[in-house]
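Participant: no FASTA, just this:
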């Protein structure tokens, strides 16, 4: 599906953003470990999360749909050996977290994925799981992977990478391992796993960037999932760069390990206000009010990078409209996402007229530039590149065509409808 994006005059109104994908994945997987029943409300219907749901069903969970936004996971008969290989689709989160669960089970299993996922690095989880006693057969540390379930022992693992997926994988393995399992990282990555473990009664302790867990059972609890700040990011930046915009985004998770984009944009002179702050299922939530702003450049590096790694493509779009030179460093892990996002952002925004350079670990963006458009852009089978170029298209002088925009459905099938709702043309 190719789409054309035209310049717009302003964005106005109020929207509710779709549910958080990271929390949805965890709500599904963690509930599968409880041996009880849990109600999950406001879950993500993105393709990746539905992949996780299908896999826990194959592992013995019974899913009962109450209505279009609520379901019950009955894990009384889980976990049991799957009859067939488990298809992880395009989802790195599914692959890495479920591996931690499966490594310590008394049965064997195998994982495979689509062409894109099959190129992504899995050594980062296989190495620590092997240190715990895990046994695998793999394709040069890539999918497909055979997991030979075995008894695990706790380890004290120091990761060179700040990664919530690796951390969650090891902690999930630790729930079922002898002794204490600890994970340390250089910066604190997103902490949805730790918050949900606490909420579900795991034996967990947190000291700075080190998390430890002992063998423990999770309690079945009802989980209400807040809106996804990574999805909200596209609307936040759009309102900041489209003149005369004033929007409110309701029910957004503002977890401090994920809200780096708000901190950075505020440092760039963005008019962003958080209202109605509250706690839902152990996560911080707020409504976000955003108005058009005269942005200024920033340097983005170091400890804040894990707090906004997924938002860098859309931050780059904001940087094209900021006075001065924005420098993004320490983001080399972006090269290992669905696409090489550093290169993809550079190539596609350059087509639109941005003054942007690629470095080994980031980008240098000179602003403010008038984006011209009048071209075709590609999304590299990557939903975030597709949505970022869409937002850029809203301020291009001439229309742009985005090829294969259907990749947005992986994370955000409601994206276009929500934009139409606030677009005043």
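Facilitator: It's in. Remember, predicted model here, so these are calculated numbers, not experimental data. Numbering: from 1, shown residues only.
Participant: separation between residue 171 and residue 27?
Facilitator: 15 Å (Cβ to Cβ, to the nearest Å). Every C-beta, even on glycine, is put in place using the N, C-alpha and C of the backbone.
Participant: those two: which is more packed in?
Facilitator: Taking other Cβ atoms under 10 Å, residue 171 and residue 27 do not tie; residue 27 has more neighbours (33 against 23).
Participant: need the contact partners of stretch 247-255.
Facilitator: With Cβ atoms under 8 Å, 6 or more residues apart in numbering as the test, stretch 247-255 has contacts from 11-17, 20, 23, 190-192, 195, 226-229, 232, 235-236, 239, 262, 274, 277, 283-290, 422.
Participant: quick one: buried ones out of those?
Facilitator: Listed as buried from the contacts of stretch 247-255 are 11-12, 15, 17, 20, 23, 190-192, 195, 226-229, 232, 235-236, 239, 262, 283-290, 422; burial here means 16 or more other Cβ atoms under 10 Å.
Participant: for the closest residue in space to residue 238 that isn't next to it in sequence, give me its contacts.
Facilitator: Closest residue in space to residue 238, ignoring its immediate chain neighbours: residue 391 at 4.7 Å, by Cβ to Cβ, 6 or more residues apart in numbering. Residue 391 makes contacts with 234, 237, 238, 241, 314, 317, as judged by Cβ under 8 Å, 6+ apart.
Participant: which pLDDT value goes with residue 391?
Facilitator: You'll see residue 391 listed with a pLDDT of 98.
Participant: and it, what element?
Facilitator: helix 383-393 (DSSP states H and E).
Participant: same check, this time on residue 136
Facilitator: strand 135-139.
Participant: roughly how far is the helix or strand following that strand from the heart of the chain?
Facilitator: Downstream of strand 135-139, the next assigned helix or strand under DSSP H and E is strand 142-148. Centroid separation between strand 142-148 and its chain, computed with Cα atoms, centre = their mean, to the nearest Å, is 23 Å.
Participant: packing partners for strand 142-148?
Facilitator: helix 92-102, strand 108-112, strand 135-139 (3 or more Cβ pairs under 8 Å, 6 or more residues apart in numbering; DSSP states H and E).
Participant: now do the helices in the stretch 201-350 of the chain.
Facilitator: Taking DSSP state H, counting those that start in this stretch, the helices of the stretch 201-350 of the chain run over residues 229-241, 260-267, 312-320, 341-351.
Participant: which of the ones you listed sits closest to residue 79?
Facilitator: helix 229-241 (29.1 Å; Cβ to Cβ).
Participant: by how many degrees do the closest one and helix 260-267 diverge?
Facilitator: Going by axes from the mean of the first three to the mean of the last three Cα atoms, to 10 degrees, helix 229-241 is angled at 20 degrees with respect to helix 260-267.
Participant: what pLDDT, on average, does helix 229-241 get?
Facilitator: When pLDDT is averaged over helix 229-241, the result is 97.
Participant: and that helix, what other elements does it pack with?
Facilitator: Counting by 3+ Cβ pairs under 8 Å, 6+ apart, helix 229-241 packs on strand 246-253, helix 260-267, strand 271-280, strand 283-291, helix 312-320, helix 383-393, helix 415-422.
Participant: buried residues, the first one. List them.
Facilitator: Applying a neighbour-count criterion of 16+ other Cβ under 10 Å, the buried positions in strand 246-253 are 247, 248, 249, 250, 251, 252, 253.
Participant: which one of those residues sits closest to residue 399?
Facilitator: Within these, proximity to residue 399 (Cβ to Cβ) peaks at residue 247, which comes in at 22.6 Å.
Participant: picking that back up, figure out which of the helices of the stretch 201-350 of the chain is closest to residue 380.
Facilitator: Closest among the helices of the stretch 201-350 of the chain, once you apply Cβ to Cβ, is helix 341-351, at 5.0 Å.
Participant: figure out how far that closest one is from the centre of its chain.
Facilitator: When C-alpha coordinates are averaged (Cα atoms, centre = their mean), helix 341-351 and its chain have centres 20 Å apart.
Participant: go on, stretch 100-120?
Facilitator: For stretch 100-120 - counting by Cα atoms, centre = their mean - the centre lies 19 Å from the chain centre.
Participant: that one - what's its average pLDDT?
Facilitator: Mean per-residue pLDDT for stretch 100-120: 96.
Participant: swap in stretch 344-358?
Facilitator: Stretch 344-358 comes out at a mean pLDDT of 97.
Participant: pull up the distance across that stretch, start to finish.
Facilitator: Counting by Cα to Cα, to the nearest Å, you get 10 Å between the two ends of stretch 344-358.
Participant: can you give me the buried ones in that stretch?
Facilitator: 344, 345, 346, 347, 348, 349, 351, 352, 353, 354, 356, 358.
Participant: turn those into a markdown table, including distance to residue 82.
Facilitator: Compiled in a markdown table, the buried residues of stretch 344-358 are given as follows (distance: Cβ to Cβ, whole Å):
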| residue | distance to residue 82 |
| --- | --- |
| 344 | 35 |
| 345 | 38 |
| 346 | 41 |
| 347 | 40 |
| 348 | 39 |
| 349 | 43 |
| 351 | 44 |
| 352 | 45 |
| 353 | 50 |
| 354 | 46 |
| 356 | 45 |
| 358 | 42 |
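Participant: that older thread, closest to residue 54 out of the helices and strands packed on helix 229-241?
Facilitator: helix 383-393 (19.3 Å).
Participant: quick one: buried residues of that closest one?
Facilitator: Of all the residues in helix 383-393, those buried under the rule 16+ other Cβ under 10 Å are 383, 384, 385, 386, 387, 388, 389, 390, 391, 392, 393.
Participant: can you tell me the closest non-neighbouring residue to the fourth one?
Facilitator: The spatial neighbour of residue 386 that comes closest, neighbours along the chain excluded (Cβ to Cβ, 6+ apart), is residue 379 at 3.7 Å.
Participant: phi, psi for that neighbour please.
Facilitator: Per-residue torsions, residue 379: phi -120, psi 0 (degrees, to the nearest 10).
Participant: burial of it, as a residue count?
Facilitator: Residues lying near residue 379 (other Cβ under 10 Å) number 24.
Participant: from memory it sits against residue 400, does it?
Facilitator: No: using Cβ atoms under 8 Å, residue 379 is not in contact with residue 400, being 11.7 Å away.
Participant: residues shared between the contacts of those two?
Facilitator: By Cβ under 8 Å, 6+ apart, residue 379 and residue 400 have these common neighbours: residue 389.
Participant: list the contacts of residue 160.
Facilitator: The contact partners of residue 160, by Cβ under 8 Å, 6+ apart, come to residue 186.
Participant: no more questions from me, cheers.
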